[in-house]
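1. the following block contains a protein sequence and its predicted model.
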Amino acid sequence: MRRAGFWRRVWALFFDSAIVFLPLQILVIVLYAQTNGAIQGTFGFTTSVCQDVSVLPEGLILDPPLPAGFDTFRQCNVGVLGFNMARTLTAVKTVKDGSMTKTFALSYPLSPEGQGRSAISTDIPATLLLLAYLVFMEHRTGSTYGKRAVKIRCIDRDNVSQAGLPLRKAVIRNLAMWIGFIPALVVWGLIYVESTRPDPSASGLILPLVIAAIISTAWFIWITISVSQKRDPIYDRLAGTAVIRTGPEDPSAQIPPASSSPDG
């Protein structure tokens, strides 16, 4: 059975992301306008239009109030085709401490009119919905709509004649794909928590962020090389699955072990 190559997998993920994210983005665009910015999102296929502002607009109310010393401001509109899904204000101040320079930053969600307000982010729910879609489709049929479009499917290496994956393997496969990005997610979470403090500073997290970025890059390169060589990437080997090309040339013979040649 011929393994799916790199670009087939990439296009399948692109199509699946569009299937899940585009309707959600339309919904968030509507909710952002109808709730006066109480619901926002930056996920999916978006563009950001940012501009630096020298002073805060008069009458702008931020919660919590902006501490003293912040003198650099940047406003960003995030949306699709000119329709906003989110609007943010980032305030920055720089402090010299001997030979060190520390940067402090606070980010505030804004209403469509540019006023500060509390807002709920839909980024994590949208990502979890995409994950649930991938797991459900691979469990039921072994193939998502994106995979069908590029003629590939997932199979259980222990039972290649089965139409879909066991639920356990579908979950393991889609979660294991992100193992290498966990350190970066943890550090970014700490940076976000730090940014909510009255006097935030992410200076102490710069080294962990660099290390996490190196781990994530190495993980991505490892997966890319394996897939480009038509070999099962680490997350497929952990789950006991494989992604193969489908079509008239696809035999029904038993798939060989993962340690065999790249041609499978």
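-> Looks like it arrived, so ask away.
2. could you use CA atoms for every contact and neighbour count after this?
-> Noted.
3. show me the shaky parts of the stretch 151-264 of the chain.
-> 191-205, 247-264 (pLDDT under 70).
4. all helices of the stretch 1-150 of the chain, in order?
-> 6-34, 123-140, 145-149 (DSSP state H, counting those that start in this stretch).
5. output the longest strand belonging to the chain.
-> Ranked by residue count, the top strand of the chain under DSSP state E comes out as strand 83-97.
6. so what secondary structure elements neighbour that one?
-> helix 6-34, strand 39-40, strand 72-80, strand 100-109 (3 or more C-alpha pairs under 8 Å, 6 or more residues apart in numbering; DSSP states H and E).
7. what's the angle between that strand and helix 6-34?
-> 90 degrees (axes from the mean of the first three to the mean of the last three C-alpha atoms, to 10 degrees).
8. surely residue 24 is in contact with residue 129?
-> No: contact status for residue 24 versus residue 129: not in contact, 9.8 Å apart, counting by C-alpha atoms under 8 Å.
9. these two: who's more crowded?
-> Neighbour totals were compared for residue 24 and residue 129, and residue 24 leads with 18 against 14 (other C-alpha atoms under 10 Å).
10. so who does residue 6 touch?
-> By C-alpha atoms under 8 Å, 6 or more residues apart in numbering, the contact set of residue 6 is 224, 227, 228, 230.
11. who touches the longest strand of the chain?
-> For strand 83-97, using C-alpha under 8 Å, 6+ apart, the contacting residues are 25, 28-29, 32, 37, 40-42, 69-79, 101-112, 114.
12. let's go with 6 Å and repeat that
-> With contact meaning C-alpha atoms under 6 Å, 6 or more residues apart in numbering, strand 83-97 is reached by 29, 40-41, 70-79, 101-110.
13. mean confidence for it?
-> For strand 83-97, the mean pLDDT works out to 85.
14. by how many degrees do that strand and strand 100-109 diverge?
-> Using the same axes, to 10 degrees: strand 83-97 against strand 100-109 is 160 degrees.
15. hang on, isn't residue 243 packed against residue 150?
-> No: judged on C-alpha atoms under 6 Å, residue 243 makes no contact with residue 150 at a distance of 11.9 Å.
16. and those two? which has more neighbours close in?
-> residue 243 (26 against 18).
17. so the closest residue to the more buried one other than its chain neighbours, which of the three states?
-> In space, and not counting its chain neighbours, residue 243 is closest to residue 154: 4.4 Å by C-alpha to C-alpha, 6 or more residues apart in numbering. Three-state call for residue 154 (DSSP: H, G, I helix; E, B strand; the rest coil): strand.
18. quick check: closest non-adjacent residue to residue 21.
-> Excluding the flanking residues, the one nearest residue 21 by C-alpha to C-alpha, 6+ apart is residue 44, at 5.6 Å.
19. repeat that for residue 151.
-> residue 246 (5.3 Å).
20. which of the helices of the stretch 1-150 of the chain sits closest to residue 177?
-> helix 123-140 (10.9 Å; C-alpha to C-alpha).
21. which elements pack onto that closest one?
-> helix 167-176 (3 or more C-alpha pairs under 6 Å, 6 or more residues apart in numbering; DSSP states H and E).
22. would you mark the buried spots in the helix it packs on?
-> Buried residues in helix 167-176, counted by 16 or more other C-alpha atoms under 10 Å: 169, 170, 171, 172, 173, 174.
23. those: which two are farthest apart?
-> Farthest pair in those (C-alpha to C-alpha) is 169 and 174. Separation: 8.6 Å.
24. against which helices or strands is the strand or helix carrying residue 244 packed?
-> If you go by DSSP states H and E, residue 244 is part of strand 241-245. Judged by 3+ C-alpha pairs under 6 Å, 6+ apart, strand 241-245 is in contact with strand 152-156.
25. give the other helices and strands that the strand it packs on contacts.
-> Short answer (3+ C-alpha pairs under 6 Å, 6+ apart): strand 152-156 packs on strand 241-245.
26. the strand it packs on vs helix 6-34, what angle?
-> Using the same axes, to 10 degrees: strand 241-245 against helix 6-34 is 100 degrees.
27. list the contacts of strand 241-245.
-> 2, 3, 4, 151, 152, 153, 154, 155, 156, 157, 236.
28. that concludes my questions; thank you for your assistance.
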